[in-house]
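>>> Everything below, folded, please.
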Amino acid sequence: MSELKIKKLQNALKGVADYAIVNVGPNFFYLTGVWPLASMERPFFLVVPADNEPFIVAPELYTPDIKNIEVEKILYKDGENPFSILAKRLKKGIVLIDDIMTASHALRIQMNLDGYSFDLLSSIISKLRAVKSEEEVELIKKATNIVDKSFKKIVQEIYSGITENELAQVLNEYMMYYGADGLAFETIVASGPNSAEPHHLTGKRKIRKGDAIIIDYGARYRGYVSDITRTVYFGSVDTKFLEVYETVKKAQEAAVNFAKPGVEAREIDRAARSVIEANGYGPNFTHRTGHGIGVEVHEQPFLDSYNTLKIENGMVFTVEPGIYIEGKFGVRIEDDVILKNRAERLTRSSRSLITI
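Here you go, the predicted structure:
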């Protein structure tokens, strides 16, 4: 368990709330270093009081999963009521509930804690998780190294007739070969007109000459993730495609160069978006410029048009502008970036157009 992270959460709770109830999942892992393979069926919580010692309420059958977490453990058997157990341990006050908790569990907590006030845990913990420790950065670097090595291999596997699904499967195998514990998310391979869909569902389409191919993928390493997107071209490059590719590349460079401590997240989005708009493709850039990565693929800071959060040293985030020409092709270039007085890319694979 990370006592430092627990202490940071307790300090953040003071004057704001009396308790945080953390569900098994990303926040639980962030605070304890453990991600039990528990379903959402049974209540399973880490409770962090602002002014007292944390404790866990968990089903007895998951005892082995939490044996190395050095806090008090209150274990219950099937048939016992964990919500009444929880109620007996808490005094009236303000409770922050984990955002990913099921509605049934959240409602049962509220029903058993009569007279309490409730809010969402993300209001506090998302800001804590946004700034990474050196240890966290090293784990993310390992995850980005895995995707870099895998990209260099996968471009050699593209041939006429291979399907999106087949290429994605080969890429997944490379990531596992190079040390991934799992995938950060389901790998996306979007070819030809499918590449104009920002979140295409990888399918059975066969790749052919003249296709733009967007490959969006990431690795998970010891609980932390990477996220990279590369666009490659299969065959002789179309002039229009090359113009769009260079525009996206310039937009990404502008955003990375603009990222400095104290800059608002939305200003980084504006730096990328202004380049794309100046080249006449504003309506074709349909998503935010980036997002934080860490325990989850999407977390603070979100580089969108509205987020006023100020960027700080230690934040790790993606920069991924894109242009999508419906029915024809899309281009997206994405890198993982850490802020250390200025933005530094963690991903090293080429951002120059690769043709096959």
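>>> For the chain, which residues score under the pLDDT cut-off?
1 (pLDDT under 70).
>>> show me where it has helices.
3-13, 26-32, 82-89, 103-112, 122-130, 134-154, 164-177, 239-258, 265-278 (DSSP state H).
>>> possible to save the ones you listed as CSV with distance to V337 and mean neighbour count?
C-beta: built from backbone N, CA, C; applies to glycine. Output for the helices of the chain, formatted as CSV (distance: least, Cβ to Cβ, whole Å; neighbours: other Cβ atoms under 10 Å):
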stretch, distance to V337, mean neighbour count
helix 3-13, 23, 16
helix 26-32, 21, 22
helix 82-89, 40, 16
helix 103-112, 35, 15
helix 122-130, 13, 19
helix 134-154, 10, 20
helix 164-177, 20, 18
helix 239-258, 6, 19
helix 265-278, 10, 21
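>>> CSV please, covering those helices and showing distance to D304.
Shown next, in CSV, are these (distance: least, Cβ to Cβ, whole Å):
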stretch, distance to D304
helix 3-13, 24
helix 26-32, 20
helix 82-89, 36
helix 103-112, 27
helix 122-130, 14
helix 134-154, 21
helix 164-177, 27
helix 239-258, 12
helix 265-278, 6
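>>> Where do the domain boundaries of this protein fall?
Under the assignment automatic domain parsing, the domains of the chain span 3-129, 131-355.
>>> quick one: the last one to chain centroid distance?
On the basis of Cα atoms, centre = their mean, to the nearest Å, the separation between the geometric centre of domain 131-355 and that of its chain is 12 Å.
>>> Can you get me the start-to-end distance on that domain?
37 Å (Cα to Cα, to the nearest Å).
>>> Of all the helices of the chain, which one comes closest to I214?
helix 164-177 (10.2 Å; Cβ to Cβ).
>>> which residues touch stretch 125-136?
With Cβ atoms under 8 Å, 6 or more residues apart in numbering as the test, stretch 125-136 has contacts from 5, 8-9, 12, 20, 27, 30, 140, 224, 292, 294-295, 299-301, 309, 312-316, 338.
>>> Could you report the neighbour count for the nearest residue to K77 once chain neighbours are set aside?
Of all residues not flanking K77 in the chain, E60 sits nearest, at 5.3 Å (Cβ to Cβ, 6 or more residues apart in numbering). Using other Cβ atoms under 10 Å, E60 has 12 other residues around it.
>>> Please verify my assumption that E60 contacts I74.
No - E60 is beyond contact range of I74, at 10.0 Å (criterion: Cβ atoms under 8 Å).
>>> For the nearest residue to Y281 once chain neighbours are set aside, list the residues it contacts.
Distances taken as Cβ to Cβ, 6+ apart place I323 nearest to Y281, at 4.8 Å, with adjacent residues excluded. If you count contacts by Cβ under 8 Å, 6+ apart, I323 has them with 244, 247-248, 276, 281, 284-285, 330-332.
>>> what separates E138 from Y224, distance-wise?
The gap separating E138 from Y224 is 9 Å, by Cβ to Cβ, to the nearest Å.
>>> just L9 next, same as before
In terms of Cβ to Cβ, L9 sits 19 Å off from Y224.
>>> which residue packs closest to V131, ignoring adjacent ones?
G314 (4.2 Å).
>>> Pretty sure that neighbour sits against L339.
Yes - counting by Cβ under 8 Å, G314 touches L339, with 6.8 Å between them.
>>> Between those two, point out the one with more neighbours.
The neighbour comparison of G314 against L339 (other Cβ under 10 Å) goes to L339, with 21 against 16.
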